[in-house]
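Student: Here is a sequence with its predicted model. Questions after.
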Amino acid sequence: MSRRDQLASLAGGVISLPARIIEPVMTGLQKLLGIKRMPWVFLFPNMLAVILFSLLPVFINIHYSFTGSDRLYPQDRPFVGGANYETLFDCGNYLDPATCSRDLFWRALGNSLVFVPIQVIAMISVALLAALCLNREIRGRGFFRGVFFFPVMLSPVVVALTWQWILQRNGALNGLMTWVGLTPVNWLVFPNTAFFWSVFITVWAHMGFYTIILLAGLQAIPKDVYEAAKMDSANNWRVFSRITLPMLKPMLLVVFVLCVIRSVQTFDELYVLTGGGPGSATMLMVQYIYEIGFAVQPRNFGLAAAASLLLGIVLLIFTGVQLRLSRSAQQ
Amino acid sequence: MKLTGIGLSAACALLAATAPMGVAQAQEVTIYCDDLGYGCVTMQPVVDRFNSENPGETIRLETVAYQALVESLPVQLESGEGPDSAIITDLGGLSRYYLDLTPYVDREAFEAEYGQVLQWLRGSDPQGSAIFGMPTSLTVNGAYVNLTLFEQAGVPVPAEGATWEEWAAAARQVAEATGTDFAMEMDRSGHRFSSLAISYGAELVDDAGKPVVDDGLRAAIEQFVAWHEDGTMPMDLWGAVGGATHRELFSDFLNANVVFYFGGSWTLSQMDTEVGDLFDWKVVPAPCGPSSCTVMPGGGALVAFSHTDQPELIGKFINYLAQPENTGEVLAAAVEIPASKTLIEGGIEYPDASERTQESLSTFIAQIPKMAPAAYRFQGWRYQRAMMNALTTRISQVLNGELDVDAALERIEQDVNLAIDAAQ
Amino acid sequence: MSDTALPKSPASVRGILLGRRGRGRFDLTDMLTYGFLILGLLVMFTPVAWVVVSSFKTQANLQEFPPTVLPYASETAVIDGFDAPLPLFDVTQQDGRKVRLAQVRRVGLNAQMVDPADPGAKRIVVPVVNAVPVRQVRLAVENYANLVAETGADLWRYVYNSFFITVVATIITLIMNSMAAFALSKYRFAGSNVALVSILSTLMIPATVVLVPTYLIVAQLGLVGNLWGVILPTVATPTGVFLLRQYMLTIPDELIEAARMDHASEWRIFWRIVLPLSSPALAVVAIFSIMSRWNDFLLPLIVLNRREVYTLQLALNSFQSEFEVRYDLLLAMTTLTALPLACAFIFLQRYITTGIASTGIK
């Protein structure tokens, strides 16, 4: 047996173990409950995990947002009503964070409102370009696919440390610039360059994921459509805009929604890279929530919970709107 | 089937290996410590002796990274989990979890030896008299200076009593003359900044435990910003990083890229191995501000947590460790300053340290009597961390032009007050 | 694509360079395509390659600026009368001649050197600026050796922990998610929409945000400091259920009806028919699960509070100690941490595209 087959059969052996235990249980349940109730049996373990580890924490979070103090257990926390939400919205002028009681929240929000569109557009453009290139008949397609997907496999800590090390004052990038004759720039010290690199690094780290999805979408487009276009001697741009793009729309929508959701939740890489600096130029929403609820003493779970719920609601509304729009566009 | 048999036994082995540790052995205590300075590595010989002298009673040292101690330990303690004991540095902040050791230790001896530092441990109960732990070592902020660079520049080294401005000017001259990258650097830490602030007259906290922003703090911040603007200090540390992140660049000093580095006594143990003969250096007496010549004290303590089920054993071990010869042994290996009176007055031998290091230790110790009362009060304040976070966050914002000094002062006070309110 | 003009020997370099679309001429689009791909290759790989190369540099070599591309180490020579080998330097003397000396000691800006050919002679004092170290390319494998030595046997413990979490979590995820997907795709029952929506809505919640309540629940279950405390909270992945459900929708119902006619139990149908047919989608879910478990950081950070149960990512993070970033060890560890994933990826990469394409995400 080849190595791959050996591994597969070993994996099969390990997996069939729980199956041998579960099978009699499931057959017994089927006899007991009848076929109509079986879907619930299948659904049960997953739902249990979802309720226990995803929905229950949200409810606890809601409870945190309406209570105060820095105690962990809900029963120890005194009820404060909407005080946490009030303090978040306590602003003289919503456009000027300096007038707000929680200025860092509004700064982080402002940064996120700038970061997310820029990053999403950059990410999807680059991913689409890469997918288009990979879709052509080129040699070494599998290799290049691997090339783009590779950074996705690296952990955020590794990504951030790598780039921080390259971008530091004495790092490789400045070394390269010196060698070529340009003056080195202390990249992470200035707000604008730090912001640029934040976008660049996060795109670098995640574009492979979206490239693969778009590539799958491109490959689903039937070849005879292209043949027909060739017959009409359409040029490349026409082929792209009249045929490729419309047929790619569903995939683009999926990519767009996923990208926005992930982009809003950007935290790990930037936190290790700049800690939100310089000043607060690269501080995004999730970092603010994390610092309030975790990194500062004493911890303010209530405020962090309130901010995070607001974030979740905004995301929910946005995704709902997106899906509604796409559904109407499809009709 | 063969695979099933193997699979089954493998599964059982794995499950057993990861199962919770069952019932703790009777008479065993776990202590969390860092592996630097007065920590797991240096304490191990003493622990081994204790364990062999007390069969059936075991002390277990567990190495935990500093960041985990700061971030995860409080959450664990809050949920009733965590070790029996730990060596910690946030003395005031964790005070509500401490076990009162008075029934297990010699109260008078402890009061006599540790006096002031015991007060730091009483963060949540400043008027009380509980003994919450054994202070392990004292740390002192201080300035490291590269003497070789001064020599080459031909600039005389400022004497004791020189002010921060004089030091900055001298360092600037030296940097220009020798082509060194930077004149001055300071750890990005609210604790380090407080040394500067208190020397300039800041009170930081009043007797009622409320934050104070005054002209002293303003003057210190303005001076600090001015140094960044004229290039004396680089933006990389305080300017480039945001939020509450702690960052330091002591490696710049080790590589002779900076003339004057304001850090603390905990890096002394590295100096011999890292610098060796590369250049001549020393620790200088505290630079003075208009109000005093203060550097912040700090230090760790070995505390026990109230959820432990082995209080007598912890007490016994702490008594044992507190004996001057035992704690002295650990301190000598860690190259740190003692916290107990007997050892400070009697002095300790540091056999592995070079002459330069020993001199520096004496200099650090000599700064202790000069510390302003505000420094002690600040160190023992329960909300010291909140203030330090506010200082780093807001000063970075000033350096980047997001806030001016007035707004920053307001925000600092507001941040700390909000944190105090949230903790009620 | 039949219009592609490929030369007859595809395996040759010429074949690679000349493979193109268009009737025998080098299309502009082709040039742009290759240009973009080469650029992508450089941008994607160079940082990583840089980390790997630099992980073989000594701490001193790492501090240099401008940084050297290859790892260099000083040449040393053993000289009579000295115990340890001395580093060699090429020194430019006052008269402009270059001579090779060995350095005994360096104090500040001056160094004491000795002539290797004549060790008994007087020491020569040389200003440091005139001395250039004699270096050769050398891989500092001691970084890796030191890493293993410093973390000791712990390194294998961390590797084991990471592997255990990844493998077990992936297996549980696959089983649970496919069961749920089966229920949601092959049955019509009241409440199926509610269940689907509630599972998908959990996508909106950033993990960071429910970190503390999740920890609270894990603590209540008594799983703090236990690997299961990290495995269980994230097994119910919404993307996994969604992908599998979409894929299972394409499995014809007739197969299932036929099996029911043969009195097969529902579990049998699931396990023997549906699951094997879903293997492309399962492969995709498995890959995503492996990736996210291997790299998981925040939850392990607070749940795994004892060194014995640390994962590789936590150990990597703890190298950023309070006082100094040991880049030599850090880079070695970074390389080691990314290595298993790279191997897994090479092994599984072709499943990824085919798998996602087959799920027909619409």
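Tutor: Arrived safely. Note that the coordinates shown come from a computational prediction; the quantities given were computed from them, not determined experimentally.

Student: quick one: strands adjacent to the helix or strand hosting residue B:259?
Tutor: Here residue B:259, judged by DSSP states H and E, is contained in strand B:258-264. With DSSP bridges as the test, strand B:258-264 is paired with strand B:133-146 (antiparallel), strand B:182-186 (parallel).

Student: Off-centre distance for that strand?
Tutor: Centre-to-centre, strand B:258-264 and its host chain are 16 Å apart (CA atoms, centre = their mean, to the nearest Å).

Student: buried set for the next helix or strand along the chain from that strand?
Tutor: Next along the chain after strand B:258-264, taking DSSP H and E as the criterion, comes helix B:268-274. Applying a neighbour-count criterion of 16 or more other CB atoms under 10 Å in any protein chain shown, the buried positions in helix B:268-274 are B:268, B:269, B:270, B:271, B:274. Quick note: C-beta positions are derived from backbone N, CA and C, even for glycine.

Student: roughly how far is helix B:268-274 from the heart of the chain?
Tutor: Distance, centroid of helix B:268-274 to centroid of chain: 18 Å (CA atoms, centre = their mean).

Student: Mind checking the pLDDT average for that helix?
Tutor: Taken as a whole, helix B:268-274 has a mean pLDDT of 77.

Student: now stretch B:40-57
Tutor: 89.

Student: Let me see the domain layout of the chain.
Tutor: Defaulting to chain A. Under the assignment automatic domain parsing, the domains of chain A span A:1-33, A:97-330.

Student: Sorry, I should have been clearer: chain C.
Tutor: Domain assignment for chain C by automatic domain parsing gives C:13-54, C:76-133, C:153-359.

Student: could you give me the average pLDDT of the longest one?
Tutor: Averaging pLDDT along domain C:153-359 yields 80.

Student: Mind listing what's buried along stretch B:38-46?
Tutor: Under the neighbour-count criterion of 16+ other CB under 10 Å, stretch B:38-46 has B:38, B:39, B:40, B:41, B:42, B:43, B:46 buried.

Student: Verify the stated contact: the first one with residue B:137.
Tutor: Yes: under the criterion of CB atoms under 8 Å, residue B:38 lies in contact with residue B:137, with a separation of 4.5 Å.

Student: Give me the common contacts of the two.
Tutor: Here residue B:38 and residue B:137 share the contacting residues B:300, B:331, B:334, B:336, scored by CB atoms under 8 Å, 6 or more residues apart in numbering or on different chains.

Student: how many neighbours does residue 101 have?
Tutor: Going with chain A. Applying other CB atoms under 10 Å in any protein chain shown, we find 15 residues neighbouring residue A:101.

Student: ah, I was thinking of chain C
Tutor: Neighbours of residue C:101 under the rule other CB under 10 Å: 25.

Student: Ok, residue A:71 next?
Tutor: Neighbour count for residue A:71, taken as other CB under 10 Å: 17.

Student: re earlier: could I get the buried residues of stretch B:38-46 as a markdown table with secondary structure and distance to chain C?
Tutor: Shown next, in a markdown table, are the buried residues of stretch B:38-46 (DSSP: H, G, I helix; E, B strand; the rest coil; distance: CB to the nearest CB, whole Å):
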| residue | secondary structure | distance to chain C |
| --- | --- | --- |
| B:38 | coil | 14 |
| B:39 | coil | 11 |
| B:40 | helix | 10 |
| B:41 | helix | 11 |
| B:42 | helix | 15 |
| B:43 | helix | 16 |
| B:46 | helix | 20 |
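
Student: I'm done for today, thanks for sticking with me.
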